[in-house]
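>>> here is a sequence with its predicted model. Questions after.
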Amino acid sequence: MTTGTLAPGAGPAIGRRPVPWAKLAWVTLRQRRGLLIGGGILLGVFAVYMVIMAVIQNSAYAAVAACHPAAALKCQQLNDSFYRSYWGGGAGPVLAGGGAQTVSSLLFAIPVLLGAFGGAPLLARELESGTFRFAWTQGAGRTRWAVSTLVLPALLLTAATGAFTAIFYWYFRPFLEDQQVSEMLPLAFAVLGVAFAAWTLVAYSLAAFLGAVFRRILPAMAVTLVVYIALAMATAIAIRPHYATPVTVQAWNNSDAWVISQWVKAPDGQVLTQPALNSLSQHLPPSVQNSPSPDAFTSWLTRHGYTMWQSVQPDSRFWQFQLTEGGWLLAVSAALIAGTIWLVRRRGALHLRLDGP
Amino acid sequence: MNVIDTVRLGKRYRRSWALRDCTLAIPGGHIAALVGPNGAGKTTLLTMAVGLTRPTAGTLTVLGGEPPGSPAALDHIGFVAQDAPLYRNLPVAGMLHLARNLNRRWDQRRATGRLAQLEIPLRQKVGELSGGQKAQLALTIALARRPALLVLDEPLAALDPVAREDFLASVVAAAQDDGISVVLSSHVLAELERVATYLVVLTSGEVRVAGAVRELIETHGAGLEEIALRHLRARVPSSRTEAGQ
């Protein structure tokens, strides 16, 4: 044959259409089988447990809700026993284990676990083992490969964790309906609404990005963990309270709002400083100081003309806050994924050796 | 048509130049051997030709003017990197399926036919294959893409003598049967003697000699191995200090 027929694009066998996304999706799913199975098992075990507990809890709660009048001693006892069994745990069926409080705090770890294990190897393994030299020299080209590799697992993770949140909501509903737990509390907020999926997505994108930067899986996972925890804490403490101006209410023991801060005003309208409040509580009459009731101090204050104030984010703002948080987490994730694709495209243009140090 | 064309091509990694001032035109229809000691810039040149790395200086085109890494170049270049990187956790059949879905052109019958001939079981995990089998699988995948140019980086380095012989025979057969141009790099010369029809000698990031083997033998009056050795030994006084690896 002559060399002329080698000219690219000359052959009739090959059109100008790039490799279809469906084929690339197959490649991504085949390579991410471990993540899909592992993530599926992790979410599945929790989901099955929560479905079982949801049935038990919802029927137990139906009895509490049906008890009338609610203020009656019998109903109060029923309510207490429900909380001891299913919220705090320990007093109820063995299956309830540590209760919903423990379960929801365990779920806190799921986004970062899924994200770090799912995201970190995407590019780091290719770069660590040298297989990027295979993947990036195929006909599909590295950009399409990177888009498929990064975006498809992101969509699957978001869908799976979103569905998981729905099951969690069903499981958690008795405590929210009873208004003893505010869905605005950090413990509940991060596992409800769109936050759970959004935090998973941000952990995944961060891990993928760091994997491309470090070119090693373990450092990418470790740094993801550290950054994620710092970001989650900073959000709950310093960022989330500012999504909307807090409402000031004259109340104490609020259970249908997230309390940001609280203070006491003296009868003359002056706000008591913390030292003043401490000294006041130490100079109470012995009957109040030694009272077993936790409300003794506050009721003494009320009787003597003091007023109690709180700055709160009410439950009615739940969806506004969810969408705000989901929105900025989505923007951060998109930026990280775009940055990772940019790194894939740029690699080789930088003064970095492809064949080791 | 030249399969690789470079003009004053250079690549710098941080402080040192891995390749510099490289002007080269490798014509198609050859089995071209890129020869030089470790660190001579062979891998650098080849990774630039397949679009994995971008040049720091100069220009490089492949297959008669295509920019490396462009869709047309990717479609028509089959590349087997050093140590034949493949996904170790996949079975051989899975690896084929993966490559098939990553390419617009794919000849499945040819791939499975070659593997059957080589007695490489499709169910075996890639990680469990011998070095020779793994290299043959990587070559099979590259050939199933029906490339115009086959680029092999140090394909023989990790193979035992028998596997080397078999691998080279496969390459020669592919070049002859399908008219594929081949560019392969190696730091060992002996095996290339019988197969290479074009020679490029590279040391310290610079081209020492380049030409069709037949013509080189005529002008130098020596065998391929001797020509290469002579040029590898010839030290160029200039720029040694900066080009140090």
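Right, received. Where do you want to start?
>>> and the contacts of stretch B:206-217?
Contacts to stretch B:206-217, defined as CB atoms under 8 Å, 6 or more residues apart in numbering or on different chains, come from residues B:19-24, B:26-27, B:30, B:36, B:41, B:196-202, B:223-224, B:227-228, B:231-232, B:234, B:236, B:239, B:243. Just so you know, the C-beta spots here come from the backbone N, C-alpha and C atoms, and that holds for glycine as well.
>>> which elements pack onto the lengthiest helix in chain B?
For chain B, the helix with the greatest residue count under DSSP state H is helix B:161-178. When contacts are defined as 3 or more CB pairs under 8 Å, 6 or more residues apart in numbering or on different chains; DSSP states H and E, helix B:161-178 sits against strand B:31-35, helix B:131-144, strand B:149-152, strand B:181-186.
>>> buried residues in that helix, which are they?
The neighbour-count check on helix B:161-178 (16 or more other CB atoms under 10 Å in any protein chain shown) flags B:163-164, B:166-168, B:170-171, B:174-175 as buried.
>>> how about stretch B:51-70, does it get close to chain A?
Yes. Stretch B:51-70 comes into contact with chain A (CB under 8 Å from any CB of the partner chain), by way of B:51-54, B:56, B:63-64, B:66, B:69.
>>> now do that stretch: distance to the chain's middle.
Distance of stretch B:51-70 from its chain centroid, counting by CA atoms, centre = their mean, to the nearest Å, is 15 Å.
>>> so which bits of that stretch are buried?
B:51-56, B:58, B:60-64, B:66, B:68-69.
>>> and which of the buried residues of helix B:161-178 is nearest residue A:126?
Closest approach to residue A:126 among those (CB to CB): residue B:167, at 24.9 Å.
>>> now for the closest one: which residues touch it?
B:132, B:135-136, B:139, B:155-156, B:159.
>>> and if you look at residue A:225?
Applying CB under 8 Å, 6+ apart to residue A:225 gives the contacts A:112, A:116.
>>> okay, helices next: where are they in chain B?
B:42-49, B:71-76, B:92-101, B:108-117, B:131-144, B:161-178, B:213-220, B:224-233, B:240-243.
>>> shaky segments in chain A?
Chain A contains residues with pLDDT under 70 at A:1-15, A:89-92, A:253-254, A:294, A:348-357.
>>> okay, strands next: where are they in it?
A:247-249, A:257-265, A:307-314 (DSSP state E).
>>> TSV for those, including distance to chain B?
Converted to TSV, these look like this (distance: least, CB to the nearest CB, whole Å):
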stretch	distance to chain B
strand A:247-249	55
strand A:257-265	46
strand A:307-314	48
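>>> out of those, which is closest to residue B:86?
Using CB to CB, the strands of chain A put strand A:257-265 closest to residue B:86, at 53.0 Å.
>>> the stretch 251-357 of chain A: helices as residue ranges?
For the stretch 251-357 of chain A, the helices defined by DSSP state H, counting those that start in this stretch cover A:274-282, A:286-289, A:296-303, A:318-346.
>>> just name the most buried of those.
Of all those, helix A:318-346 carries the top mean neighbour count, a mean of 17, counting by mean count of other CB atoms under 10 Å in any protein chain shown.
>>> does that one reach chain B?
No. Helix A:318-346 does not reach chain B (CB under 8 Å from any CB); its nearest approach is 8.9 Å.
>>> who are the packing partners of that helix?
helix A:110-129, helix A:142-177, helix A:186-189, helix A:195-214.
>>> then the third one to CSV, C-alphas only?
Going back to what we said before, that points to helix A:186-189. The C-alpha trace of helix A:186-189 is given here as CSV (Å, rounded to 0.1, in the frame of the first residue of the first chain):
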residue,chain,number,x,y,z
PRO,A,186,-27.0,21.2,62.4
LEU,A,187,-27.4,17.5,63.3
ALA,A,188,-30.6,17.2,61.3
PHE,A,189,-30.1,20.0,58.7
